[in-house]
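In: Let's see this in three dimensions:
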Amino acid sequence: MKVLLVRHAQSHNNVIQASVHRKISNGEIKPFEAQHEWLEQRMDDPGLTSAGKKQTAVLAKHVFKKVKTKAVGRCCPCSLSPRRRR
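Out: Presented below is the predicted three-dimensional model:
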């Protein structure tokens, strides 16, 4: 049996985190300030960015092709997180 694990596509929190890391690297803010900025802006259950939505569409096409050709007439179990990620 093969298992495919997919964490998630790009969420709004990923964009915030990248921005905060960039500011630290450029010396614009100190780590303590970065932590505060991150905690102020992040969301508990963020949606996907437009890039994240494109990533999921590409993944879905890829997975569907694999499942369709290998699992004809068989069940393919799928487990999903209850998180929104839309």
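
In: and the lowest-mean-pLDDT helix or strand in the chain, how far out from the chain's middle?
Out: Taking mean pLDDT, DSSP states H and E as the measure, the helices and strands of the chain show their lowest mean at helix 50-70, namely a mean of 84. From the chain centre to the centre of helix 50-70 is a distance of 14 Å (C-alpha atoms, centre = their mean, to the nearest Å).

In: Not counting its own residues, what contacts that helix?
Out: 4, 6, 8-11, 14, 48, 76, 85 (C-beta atoms under 8 Å, 6 or more residues apart in numbering). (Each C-beta comes from the backbone N, C-alpha and C, glycine too.)

In: And for stretch 25-43?
Out: Contact partners of stretch 25-43, identified using C-beta under 8 Å, 6+ apart, comprise 12-13, 16-17, 20-21, 23-24.

In: In helices only, show me the contacts of helix 50-70.
Out: Counted as lying in helices by DSSP state H, out of the contacts of helix 50-70, are Asn14.

In: Show me which pair in the contacts of helix 50-70 is furthest apart.
Out: Asn14 and Cys76 (28.2 Å; C-beta to C-beta).

In: Who has more neighbours out of those two?
Out: Each of Asn14 and Cys76 has its neighbours counted (other C-beta atoms under 10 Å); Asn14 has more, 16 against 10.

In: ok, the more buried one to Arg22 distance?
Out: 13 Å (C-beta to C-beta, to the nearest Å).

In: Then His62?
Out: 30 Å.

In: Over to Lys2?
Out: Counting by C-beta to C-beta, the gap between Lys2 and Arg22 amounts to 37 Å.

In: if you count what's nearby, which of those two comes out ahead?
Out: Applying other C-beta under 10 Å to Lys2 and Arg22 shows that Arg22 carries more neighbours, namely 12 against 5.

In: what mean pLDDT would you report for the helix or strand where the more buried one lies?
Out: Using DSSP states H and E, Arg22 falls within helix 12-25. Averaged over helix 12-25, pLDDT sits at 95.
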